[in-house]
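# here is my input; please provide its structure:
(2 chains)
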Amino acid sequence: MSDDGDLNTLPLEDMHVAAGAKFGGFAGWRMPLTYPAGVMKEHLHVREQAGLFDISHMKLFLVTGIGAASFLSKACPIDAANLQLHHSKLSFFLNNDAGILDDLIVTKLGDDRFMVVCNAGNAEADETHMRDLGRHYNVVIEPLDRVFLALQGPAAAQVMADVGVGDGGLLFMTGMEPRDNWFMTRSGYTGEDGFEIGLPEKDARELAAKLVADERVMWIGLAARDSLRLEAGLCLHGNDIDATTDPASAALMWAIPKDLRGDGTFVGADVLREKVAAGAAEKRVGLKPDGRQPVRGGAQIVDEAGNKVGRVTSGGFGPSANHPVAMGYVATPLAKPGAAKLFAEVRGNRIPVEVHSLPFTPHRYVKG
Amino acid sequence: MAKTYYTQDHEWLTVEGGVATIGITDYAQEQLGDIVFVELAEVGKTVGKGDTAVVVESVKAASDVYAPVDGEIVEANDALTGDPALVNSAPTKGGWLWKMKLADESQLDGLLDEAGYKKLIG
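Numbering: from 1, shown residues only, chains lettered A, B, ... in the order given. A predicted model of the protein is given here:
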């Protein structure tokens, strides 16, 4: 097995050990990959009932101060001052070339108070990036020491009510601070209804124990988190998006408010405008391999003549879709269903793949 | 009953009349997790010890299964096309992967017996 020596350990690791988790390294953390039920059952359980994920590897930053909104509107393509109270927004840190340094969720908790949730693998770089930019603003950037749990699935809201936390009146992509040092949003990364809750370790132990004691809930590992997000068409930074891709090629322009695309002054805005005007050379798309054989990240995509026209960035098997699912980038003229016959190269074979609309399994968010 | 041999790569093989039936161990299938696809061995192909004979794909990853000895592949387990999960549910029975005609039976001497394999996986 892998050498886990230098990995960070989750605060609730003992609970995962007790639940029979198999661990592996991810983004510098020793993470539960699967529990005894296995990835397939875990995945399907989330779509049928509710699954509990320990996502404490992700980093919460509390951003406060009278300059907080201006700072965030510089750091990300959002209008933080006009973001509605309690609303969350998917956004990015871009570099000066409009490359995606990280994707993140910003939630407005007050006029001068925001929560930023970043990816584990980029947390350190994100903090440095924010502190560099933040020098010019009246802003306090505070990395929080929290356990971060996600409860996902159609039974999530009822379970939250039954354990006495409730849904806080939240709808999809809104968030609040229900108790001291708690942060809760109605969101997630599975395509299902659900909640993400950042809270102190002691509270988290109590809540997690209550949640998994409910027969509708089981622990879900990182392997199923990956297959769930892939079916839901959601990007994994480092695979599907990175500093060499921009929101236009990544088909994520929807996350940028329209007026900001025109006159925003966020980092990377000018280059992004140029890229949008010129037209992205390639686009991120869903890819459905023909047959049963999964196509994995790293596979090349070729046309009938064998010309390289793209690449797979994430791929695997979709237990709910019940067929292999993938996403990747293809040349823009080919980036629509049926535009061309495409093939993924796997171990010397060409597997036919078709451009498929995302998500592969419908989102079931509760939007009110 | 034919003797069962094991490899350091978590394969088992049984030999009858110079033909080995090969699969992965229960330990290996548990490590791999849910198998969703098996790229079957190519019947008629001659493989050397250490060559990839079969690829098993779990939800998350593809894993090579190597030929434990030299020989010619004489049969692939076609049942795995329709039901790859047999590798999980019956790794040493219905989930066998391929059969090969041994080129040199003395290579079997270098493999582990059951006691040796049990020691390996602890």
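# every contact and neighbour count from this point should use C-alpha atoms.
Fine.
# tell me the contacts of residue 85?
You didn't pick a chain, so chain A it is. By CA atoms under 8 Å, 6 or more residues apart in numbering or on different chains, A:L85 lies in contact with A:108-111.
# ah, no, chain B please
B:34-36, B:95.
# rerun that using 6 Å as the cut-off
Counting by CA atoms under 6 Å, 6 or more residues apart in numbering or on different chains, B:A85 touches B:I35.
# and it, how far from B:N77?
The spacing between B:A85 and B:N77, counted by CA to CA, to the nearest Å, is 13 Å.
# neighbour-wise, which one of the contacts of A:L85 leads?
Highest neighbour count within the contacts of A:L85, by other CA atoms under 10 Å in any protein chain shown: A:K108, with 25 neighbours.
# quick one: A:S73 is in a helix?
Yes. Assessed with DSSP: H, G, I helix; E, B strand; the rest coil, A:S73 lies in a helix.
# residue of chain B nearest chain A, please.
Proximity of chain B to chain A (CA to the nearest CA) peaks at B:V59, 4.9 Å away.
# what sits against that residue?
A:316-317.
# how close does it sit to A:N322?
Taken as CA to CA, the span from B:V59 to A:N322 is 11 Å.
# for A:N119, same thing?
A:N119 is 28 Å from A:N322, by CA to CA.
# bridging residues for B:L112?
Assessed by DSSP bridges, B:L112 has beta-bridge partners B:Y6.
# let me fix that, I meant to ask about B:E16.
Under the criterion used (DSSP bridges), B:E16 bridges to B:V19.
# show the pLDDT at it.
For B:E16, the pLDDT comes out at 94.
# that one: neighbour count?
Counted by other CA under 10 Å, the residues lying close to B:E16 total 12.
# secondary structure element holding the residue nearest the centre of chain B?
Among the residues of chain B, the one closest to the centroid is B:G23, at 2.6 Å (CA atoms, centre = their mean). Under the criterion of DSSP states H and E, B:G23 resides in strand B:19-24.
# and for that strand, what's in contact with it?
Applying CA under 6 Å, 6+ apart, the contact partners of strand B:19-24 are B:10-14, B:96-102.
# what mean pLDDT does that strand have?
98.
# for the stretch 251-368 of chain A, which residue gets nearest to chain B?
Closest residue of the stretch 251-368 of chain A to chain B, CA to the nearest CA: A:F317 (4.9 Å).
# what is the burial count for the closest residue to that residue other than its chain neighbours?
With CA to CA, 6 or more residues apart in numbering or on different chains as the measure, A:P324 is the residue that lies nearest to A:F317, at 4.1 Å, once sequence neighbours are left out. Using other CA under 10 Å, A:P324 has 24 other residues around it.
# mind telling me what element A:P324 is part of?
Counting by DSSP H and E, A:P324 is part of strand A:323-331.
# by contact count, what packs against that strand?
strand A:282-289, strand A:308-318 (3 or more CA pairs under 6 Å, 6 or more residues apart in numbering or on different chains; DSSP states H and E).
# adjacent strands (with direction) for the first one?
Same thing as strand A:282-289. Neighbouring strands of strand A:282-289 in its sheet, by DSSP bridges, are strand A:323-331 (antiparallel), strand A:349-356 (antiparallel).
# contacts for the shortest one, please.
What that stands for is strand A:349-356. Against strand A:349-356 from outside (CA under 6 Å, 6+ apart): A:286-290, A:336-337, A:342-344.
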